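Asker: need coordinates for the following:
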Amino acid sequence: NDSFTGWLTDYDDKSNDYRMTGSAHMRVNFLPSLSMNMIGGMDYYSGKRYVWYGNGTSFGKEVNGAAAILNTSVLNFNARVSLDFDRHFASIHHVQASVAGMAFINDIRDNCMNGSDMPFHQLRAKGLSASNSRNSIRKIYQTTDILGIHGMLKYDFFKYAGISFTVNSEWNRHFDKTPQLFPAVNAYVGLKDIALKNSNVIDVLNLTGGWGSAGYDNVMPLLTAGEATGKLPEIPAGAREYHDCLNRTISKEWNIGLSAGFINRVDVSLKYYNKTTDDAFLTYDFSRVVSGLYDEALSGNLLHERSSSISNRGIELDARATLIERPSIRWVLDANASYNHARIILGEEDFVDALWYLDRTLPRFLSGAGTTVNISDFCIEARISSAAGYSILDANNYIGKTFSGFTESDLKPADYLKLDHVSVSYRIPLNVKWLKTLRLHLTGKNLLMTSRYDGWNPLVNSFADKGTLYGVDYGSYPMTRSIILGLNLLF
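Answerer: From the prediction side, this is the model:
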């Protein structure tokens with residue numbers, strides 16, 4: 001609104017973020033062919049966000065100032081212990097086997113408070129506790145722990161053929177009564193060594209194929225799930241915070257491909273895949289009544305399930321070529337392209353109707369290319385990417401309107417061509433015992449883009465945690481162009 005020209009000085013969205021990560025790895029060799037590997041990692045994030053709308057904004061003037069303070073902490077922890085076997089027999093038989101146990105813990109603490117009618121505008125968001133409105137407070141405490149077992153057995157017969165079997169078992173203790181199983185098998189046949197041994201042009205020619213399944217769980221509180229839950233039974237207000245939602249995605253895929261290598265310079269692979277993804281949105285009731293008040297129960301009951309299935313079929317092509325290979329100069333070029341056709345094949349009638357746009361917001365065509373040039377101590381890298389045959393559902397002008405209410409006119413073409421990054425680095429020659437490498441680099445990211453989409457960003461995904469809302473632009477953040485000057489030291 002032109003009448004509110006002071007909004008830049010009367011609006012805040014400030015945050016203080018802290019992050020700490022760490023990992024450790026240990027390997028114990030029992031025999032030359034038998035070892036145990038242990039790895040663990042931790043990622044901790046803590047942040048505080050202050051949002052302020054003063055009278056210089058239309059919303060702030062209407063409510064005499066509004067503010068929100070959000071405190072968030074996230075802790076991720078993972079650990080994996082594996083027993084690995086790797087041995088050659090009679091020089092032509094190669095056997096690999098592995099058994100592993102895994103654990104993953106995710107703990108989220110989210111506390112949000114907002115209010116309006118602020119008496120002390122000079123304090124901005126930090127004066128929230130003095131607001132005259134009834135402050136809205138939302139607290140979310142959520143812990144997810146997943147235990148898993150992994151098994152693998154692989155056999156290669158020289159270069160003629162090979163086959164591998166894997167089984168993953170995962171148990172989400174908060175939701176599952178029994179573990180889930182995800183088997184997979186992959187195989188190849190070396191056509192080069194069977195039929196083209198004398199070829200001086202073809203180095204590798206493998207026919208590949210595979211089948212398998214995989215799963216992914218995304219846990220979210222009912223308070224943040226929105227319309228993805230579907231038509232739920234009526235839930236008392238005090239019990240809603242003790243309801244959790246599980247978005248469980250299970251994919252099954254089979255594929256067949258061909259990979260080839262030529263004159264030790266060019267590698268090409270082509271693969272066809274057929275993939276079906278079952279997307280279930282499950283709502284669980286973990287509430288119980290203690291002394292007339294709602295509290296959290298140790299186990300939950302399935303309250304509602306909403307599901308759909310999506311089919312993806314396509315072709316992927318990858319190529320890599322070493323154009324120049326000399327002692328002081330090396331030039332490598334790589335490229336990839338893919339075609340994907342997606343469609344909804346199963347789902348509740350109202351759910352499918354609400355997701356009519358989903359197969360339109362997934363790109364039909366994706367491609368990319370990159371190059372790396374090494375000249376003595378200099379290195380130059382660049383990469384471009386593109387997408388075509390898809391649209392973005394522009395929801396920015398429809399606040400308060402349900403997603404099922406959108407029409408074809410709300411879809412905007414989103415084809416793009418993008419210069420992802422360009423990097424130039426120089427390895428400074430050293431003659432120092434305690435310092436092995438010193439490299440100076442200059443990198444530019446998201447430098448150029450041309451797109452048919454008139455919004456901020458054609459790579460938008462405002463609801464990244466909800467697969468059923470892929471490709472929706474709802475207040476998305478503009479893409480950041482960055483220039484980075486760095487120094488790498490290896491001791």
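
Asker: where does the stretch 351-491 of the chain dip in pLDDT?
Answerer: Confidence mapping of the stretch 351-491 of the chain against pLDDT under 70 gives the ranges 351-358, 397-406, 461-470.

Asker: as a check, name the ranges of all strands in it.
Answerer: For the stretch 351-491 of the chain, the strands defined by DSSP state E, counting those that start in this stretch occupy 365-375, 378-388, 391-394, 411-413, 416-427, 437-451, 472-473, 482-490.

Asker: pairing partners for the last one, with directions?
Answerer: Right, the one you point to is strand 482-490. Strand 482-490 has its sheet partners listed here by DSSP bridges as strand 437-451 (antiparallel).

Asker: now find how far off-centre the strand it pairs with is within its chain.
Answerer: How far strand 437-451 lies from its chain's middle: 22 Å, per Cα atoms, centre = their mean, to the nearest Å.

Asker: then stretch 99-111?
Answerer: Stretch 99-111 has its C-alpha centroid displaced from the chain centroid by 16 Å (Cα atoms, centre = their mean).

Asker: could you give the mean pLDDT of that stretch?
Answerer: The average pLDDT within stretch 99-111 is 93.

Asker: that one: which residues count as buried?
Answerer: Using 16 or more other Cβ atoms under 10 Å as the test for burial, stretch 99-111 gives 100, 102, 104, 106, 108, 110. Yep, even glycine has a C-beta here, placed from its N, CA and C like the rest.

Asker: likewise stretch 44-60?
Answerer: So stretch 44-60, judged by 16+ other Cβ under 10 Å, has buried residues 49-55, 57, 60.

Asker: farthest-apart pair in these, please.
Answerer: Arg49 and Asn55 (21.5 Å; Cβ to Cβ).

Asker: so how far is stretch 316-336 from its chain's centroid?
Answerer: Centre-to-centre, stretch 316-336 and its host chain are 28 Å apart (Cα atoms, centre = their mean).

Asker: straight-line length of it, end to end?
Answerer: End-to-end distance of stretch 316-336 (Cα to Cα, to the nearest Å): 7 Å.

Asker: stretch 164-178 too?
Answerer: Stretch 164-178 has its terminal residues 26 Å apart, counting by Cα to Cα.

Asker: mean confidence for that stretch?
Answerer: Stretch 164-178 comes out at a mean pLDDT of 90.

Asker: what are the buried residues along that stretch?
Answerer: Neighbour-count burial for stretch 164-178, counted by 16+ other Cβ under 10 Å, picks out 164-166, 168-172, 174-175.

Asker: do the same with stretch 414-434
Answerer: 414-416, 418-423, 425, 427.

Asker: turn these into JSON lines, including distance to Arg265.
Answerer: What follows is the buried residues of stretch 414-434, written out as JSON lines (distance: Cβ to Cβ, whole Å):
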{"residue": "Ala414", "distance to Arg265": "36"}
{"residue": "Asp415", "distance to Arg265": "33"}
{"residue": "Tyr416", "distance to Arg265": "32"}
{"residue": "Lys418", "distance to Arg265": "28"}
{"residue": "Leu419", "distance to Arg265": "26"}
{"residue": "Asp420", "distance to Arg265": "25"}
{"residue": "His421", "distance to Arg265": "25"}
{"residue": "Val422", "distance to Arg265": "25"}
{"residue": "Ser423", "distance to Arg265": "24"}
{"residue": "Ser425", "distance to Arg265": "24"}
{"residue": "Arg427", "distance to Arg265": "25"}
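
Asker: sorry, back to before: just the ones of the buried residues of stretch 99-111 in strands?
Answerer: 100, 102, 104, 106, 108, 110 (DSSP state E).

Asker: the strands in the stretch 101-250 of the chain, which residues?
Answerer: 136-157, 161-172, 180-190, 202-221, 243-262.

Asker: now do the last one: which elements does it pack against?
Answerer: Just to be clear, that refers to strand 243-262. Based on contacts counted as 3 or more Cβ pairs under 8 Å, 6 or more residues apart in numbering; DSSP states H and E, the elements that strand 243-262 packs against are strand 202-221, helix 222-225, strand 266-290.

Asker: least confident of these, on average?
Answerer: helix 222-225 (a mean of 74).

Asker: what sits up against that one?
Answerer: Identification of contacts with helix 222-225 by Cβ atoms under 8 Å, 6 or more residues apart in numbering yields 138, 140, 229, 235, 240-241, 243-245, 281, 283.

Asker: and what of stretch 67-78?
Answerer: The contact list for stretch 67-78 (Cβ under 8 Å, 6+ apart) reads 40-53, 102-116, 118, 124-125, 127-128, 131.

Asker: got it, and stretch 280-289?
Answerer: With Cβ under 8 Å, 6+ apart as the criterion, stretch 280-289 contacts 175, 222, 225, 228-230, 232, 235, 239, 242-250, 294-297, 299-307, 468.

Asker: repeat that for stretch 128-143.
Answerer: Against stretch 128-143 from outside (Cβ under 8 Å, 6+ apart): 63, 65, 67-69, 105-120, 123, 174, 219-221, 223-224, 241, 244.

Asker: can you select the buried ones from those residues in PyMOL?
Answerer: Provided next is the PyMOL selection string for whichever of the contacts of stretch 128-143 are buried by 16+ other Cβ under 10 Å:
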select buried, resi 65+67+68+69+106+108+110+112+113+114+115+116+118+174+219+220+221+241+244
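
Asker: how near is the closest residue in space to Asp285 that isn't next to it in sequence to Asp203?
Answerer: Counting by Cβ to Cβ, 6 or more residues apart in numbering, Leu303 is the residue found nearest to Asp285 once chain neighbours are left out, at 4.6 Å. Going from Leu303 to Asp203 by Cβ to Cβ, to the nearest Å gives 58 Å.
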